[in-house]
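1. how would this look folded up:
(one chain, ligands or ions: 2)
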Amino acid sequence: MPLTAVRFDGHVRHFDLVIIGTGSGNSIVDKRFADWNVAIVEKGTFGGTCLNVGCIPTKMFVHTADLAAVPANAAKFGVDAELTGVRWTDVRDRIFGRIDPIANSGREYRTSHPDNENVTVYTGQSRFVGPKTLDTGTGETITADRFVLAAGSRPITPDVPGLNEIDFHTSDTVMRLEELPRTMIILGGGFVAAELAHVFSSFGVDVTVIARSGALLRHEDADVSARFTELASQRWDVRLNRLAVRAERTGDGVTLHLDNGETVAAQELLVATGRRPNTDLLNLAATGVELDDDGYVIVDEHQKSTVDGVYSLGDMSSHHQLKHVANHEARVVQHNLLHPDEPIAADHRFVPHAVFSSPQIASVGLTEEQARDVPHVVSTQDYAGIAYGWAMEDTTGFAKLIADPSTGLLLGAHIIGPQASTLIQPVIQAMSFGLDARTMARGQYWIHPAMPELIENALLNLPLG
Ligand SMILES: Cc1cc2nc3c(=O)[nH]c(=O)nc-3n(C[C@H](O)[C@H](O)[C@H](O)COP(=O)(O)OP(=O)(O)OC[C@H]3O[C@@H](n4cnc5c(N)ncnc54)[C@H](O)[C@@H]3O)c2cc1C
Ligand SMILES: NC(=O)c1ccc[n+]([C@@H]2O[C@H](COP(=O)([O-])OP(=O)(O)OC[C@H]3O[C@@H](n4cnc5c(N)ncnc54)[C@H](O)[C@@H]3O)[C@@H](O)[C@H]2O)c1
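-> Ligands and ions are numbered 1, 2, ... in the order given. Reported below is the predicted structural model:
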């Protein structure tokens, strides 16, 4: 590997590789890069979204919320329990007391550990000022042969008059509230809304969810989305088909005016209306990197952008906006940097996701609507019809499988109910390795009476010849 030595060109320092963003991008550099001269640029907290304000803290809050929700559901089992309190600051400080040191030690490792003598960390909001030329936001401009654009995404602020004049929260800030509010409005009906409505309502907060479409989680399979919306409406004040047209601060809280004339007031407002890639911050036109219509970096199957030597990964270039996708793509970029003559392709065939709400949802592959134009068969299995579902007294959960009738290969799977995110994994495995439904169902033991019997039965229910 011909690598350049450190070189100063006027005030411009030259690197073999510059990585922008320390989410999944930070995992690329290991000992195999020991003779590369590397720069890492980060504008915020080391470790990125997932660690600091995304997957990890939300799931730590969700687990705690699941515990807090137990008493409310215990009576039907003949167990009388009572939730006597949620010590918010203790919950919050336990979670961030664990996360913040990880972010700090990640930074410390890159800046001070002998493993990283070849790595320079710049703390600044970087932007391109010319071809492969980056203003690091620290007063220093650098150049490099190769760049990895891994600068992620950020919450979108919708264009609601008055919103920018009031204090509102996004997922970046709401998990660090000073105190638990009595009431909260959540604007949006997607992932963040579903997870954090569960968290805050389980802690005793009155939650109102405002969604602009007719269902929550509307990108899920229609039956799953409808079931979730029905159950959510029993727990939260869910207002569907409503647009917020004005926001104002009133008393000690916020009032949202809706397009049908209703008003909703609460102590806190959480805006959860999606995320956009941070490409606009980077002035990528200056280095010739092209974006798609939604502002994501265009990459090929090797995660290469339209400029030679410039790669991208994660939320910057992936519409999936999922951590396991960012991690997979980081491994692909890592390999392709090390072995440019034998590049590997990213595998986006079967990208699963889960929504860690209550109930949980997990999904992979085609929804029934998406399968409309291909030959397919469908089966569903209720949790209520398997032994462990009886134990849990579950009456609302189900798994839906979609398969190709000629080959028996699975095309999609959608689960709503307890442990959905775990139950779906054997289906992801079967789809990834081309295992057909019959072989999967009968070619192995399924532990009785465990929850995966949900999948076993759904497989056996498929009307295959
Ligand atoms: C509340 C929430 C919960 C989530 N839960 C899950 C989950 O359960 N499962 C899941 O798979 N995904 C989840 N996600 C999505 C997941 O967090 C992201 O897909 C993932 O973190 C993206 O990683 P990344 O490396 O692409 O970007 P990031 O982790 O966002 O890293 C990008 C970094 O680049 C930095 N940066 C940005 N611009 C610049 C610049 N100009 N110069 C220098 N640095 C810059 C940022 O400060 C940031 O640290 C969640 C997201 C949120 C918001
Ligand atoms: N468990 C997970 O994997 C997980 C959890 C949280 C977040 N995430 C990731 O983070 C991303 C962002 O999550 P999110 O919930 O913010 O986005 P989302 O795309 O899941 O949902 C956005 C919601 O806001 C609504 N919306 C958009 N504009 C609006 C407007 N102007 N007024 C009212 N409603 C509006 C949309 O209809 C949708 O219901 C997700 O796409 C997901 O990839 C993943």
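2. Work out for me the element R276 sits within.
-> Assigned by DSSP states H and E, R276 belongs to strand 275-277.
3. following that strand, which helix or strand shows up next?
-> strand 310-312.
4. Contact residues of the stretch 101-250 of the chain facing ligand 1?
-> 125-126, 150-152, 171, 192 (Cβ under 6 Å from any ligand atom). C-beta here means a position set from N, CA and C on the backbone, and glycine is covered the same way.
5. make it 8 Å
-> Taking Cβ under 8 Å from any ligand atom as the contact definition, the stretch 101-250 of the chain meets ligand 1 at 122, 124-127, 136-137, 150-155, 171-172, 191-192, 195-196.
6. So which of the residues you listed belong to helices?
-> In this view, these that belong to helices under DSSP state H are 191-192, 195-196.
7. got a winner among those residues for most neighbours?
-> L196 (27 neighbours; other Cβ atoms under 10 Å).
8. Can you name the residues that contact the residue in the stretch 201-350 of the chain that ligand 1 sits nearest to?
-> Minimum separation of the stretch 201-350 of the chain from ligand 1 (Cβ to the nearest ligand atom) falls at G314, amounting to 2.1 Å. Going by Cβ atoms under 8 Å, 6 or more residues apart in numbering, G314 touches 21, 23-25, 150, 152, 325-326, 329-330.
9. Figure out the length between the terminal residues of stretch 366-382.
-> For stretch 366-382, the first and last residues are 20 Å from each other (Cα to Cα, to the nearest Å).
10. So is that stretch next to ligand 2?
-> No. Judged by Cβ under 8 Å from any ligand atom, stretch 366-382 and ligand 2 are separated, with a smallest distance of 15.2 Å.
11. Please point out which parts of that stretch sit buried.
-> 366-368, 371, 376-379, 381-382 (16 or more other Cβ atoms under 10 Å).
12. Contacts only, for the residue nearest the centre of the chain.
-> In the chain, the residue lying closest to the centroid (Cα atoms, centre = their mean) is L322, at 4.0 Å. Contacts for L322 (Cβ under 8 Å, 6+ apart) come out as 351, 353.
13. Please report phi then psi for it.
-> When read as degrees, to the nearest 10, the backbone of L322 gives phi -130, psi 150.
14. Quick check: mean pLDDT of stretch 268-279?
-> Averaged across stretch 268-279, pLDDT comes to 98.
15. still on that earlier bit, which of the residues of the stretch 101-250 of the chain next to ligand 1 count as buried?
-> For these, a burial check counting by 16+ other Cβ under 10 Å picks out 122, 125-127, 136-137, 150-155, 171, 191-192, 195-196.
16. just to revisit the earlier point, which strands and helices sit next to the strand holding R276?
-> strand 153-155 (3 or more Cβ pairs under 8 Å, 6 or more residues apart in numbering; DSSP states H and E).
17. And ligand 2, is the strand it packs on touching that?
-> Yes. Against ligand 2, strand 153-155 shows contacts by Cβ under 8 Å from any ligand atom at 153, 155.
18. can I get the ones in helices among the residues of the stretch 101-250 of the chain next to ligand 1 in JSON lines with pLDDT?
-> Output for these, formatted as JSON lines (pLDDT from 0 to 100):
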{"residue": "F191", "pLDDT": "98"}
{"residue": "V192", "pLDDT": "98"}
{"residue": "E195", "pLDDT": "99"}
{"residue": "L196", "pLDDT": "99"}
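19. quick one, helices of the stretch 1-150 of the chain?
-> 48-53, 55-74, 88-112 (DSSP state H, counting those that start in this stretch).
20. looking at the ones you listed, which is closest to F356?
-> helix 55-74 (4.6 Å; Cβ to Cβ).
21. what's the nearest residue to Q381 if we skip its chain neighbours?
-> Using Cβ to Cβ, 6 or more residues apart in numbering and skipping the chain neighbours, the partner closest in space to Q381 is A458 (3.9 Å).
22. With V364 instead?
-> Nearest non-adjacent residue to V364, counting by Cβ to Cβ, 6+ apart: P352, 3.8 Å away.
23. shouldn't that neighbour be in contact with A362?
-> Yes. P352 is in contact with A362 according to Cβ atoms under 8 Å; the separation is 6.6 Å.
24. which of these two has more neighbours?
-> A362 (26 against 20).
25. Single out the residue in the stretch 301-450 of the chain that lies closest to ligand 2.
-> Taking Cβ to the nearest ligand atom, the stretch 301-450 of the chain has Q321 as its residue nearest ligand 2, at 3.3 Å.
26. For that residue, grab the count of nearby residues.
-> So Q321, with other Cβ under 10 Å, has 20 neighbours.
27. where does the stretch 201-350 of the chain dip in pLDDT?
-> Scanning the stretch 201-350 of the chain for pLDDT under 70 picks out nothing.
28. any idea where the helices of it begin and end?
-> So, for the stretch 201-350 of the chain - with DSSP H, counting those that start in this stretch - the helices run 222-235, 323-338.
29. Distance to K132 and mean neighbour count added to those helices, as JSON lines?
-> Below are the helices of the stretch 201-350 of the chain laid out as JSON lines (distance: least, Cβ to Cβ, whole Å; neighbours: other Cβ atoms under 10 Å):
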{"stretch": "helix 222-235", "distance to K132": "44", "mean neighbour count": "18"}
{"stretch": "helix 323-338", "distance to K132": "15", "mean neighbour count": "21"}
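30. Of all those helices, which one is nearest R146?
-> helix 323-338 (6.4 Å).
31. hang on, the earlier thing: any idea how far H328 is from the residue nearest to V364?
-> Distance of P352 to H328, given as Cβ to Cβ, to the nearest Å: 12 Å.
32. Equivalent analysis for G106, please.
-> Taking Cβ to Cβ, one finds G106 at 20 Å from H328.
33. Pretty sure T133 sits against H14.
-> No. The pair T133 and H14 does not pass the contact test of Cβ under 8 Å, sitting 9.9 Å apart.
34. who has more neighbours, these two?
-> Legend: neighbour count by other Cβ under 10 Å for T133 and H14, higher for H14 (19 against 15).
35. Tabulate the CA atom coordinates of stretch 279-290 in PDB.
-> Taking Å, rounded to 0.1, in the frame of the first residue of the first chain, the C-alpha atoms of stretch 279-290 are listed here in PDB:
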ATOM      1  CA  THR A 279     -24.800  16.700   3.900                       C
ATOM      2  CA  ASP A 280     -25.800  20.400   3.800                       C
ATOM      3  CA  LEU A 281     -23.300  21.200   6.500                       C
ATOM      4  CA  LEU A 282     -20.400  19.800   4.500                       C
ATOM      5  CA  ASN A 283     -20.600  21.900   1.300                       C
ATOM      6  CA  LEU A 284     -20.000  18.700  -0.700                       C
ATOM      7  CA  ALA A 285     -20.400  20.500  -4.000                       C
ATOM      8  CA  ALA A 286     -16.900  22.000  -3.400                       C
ATOM      9  CA  THR A 287     -15.400  18.500  -3.700                       C
ATOM     10  CA  GLY A 288     -17.800  17.300  -6.500                       C
ATOM     11  CA  VAL A 289     -19.700  14.700  -4.400                       C
ATOM     12  CA  GLU A 290     -23.200  14.300  -5.800                       C
END
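36. Would you mind listing the buried residues in it?
-> Buried residues in stretch 279-290, counting neighbours by 16+ other Cβ under 10 Å, are found at 279, 282-284, 286-287, 289.
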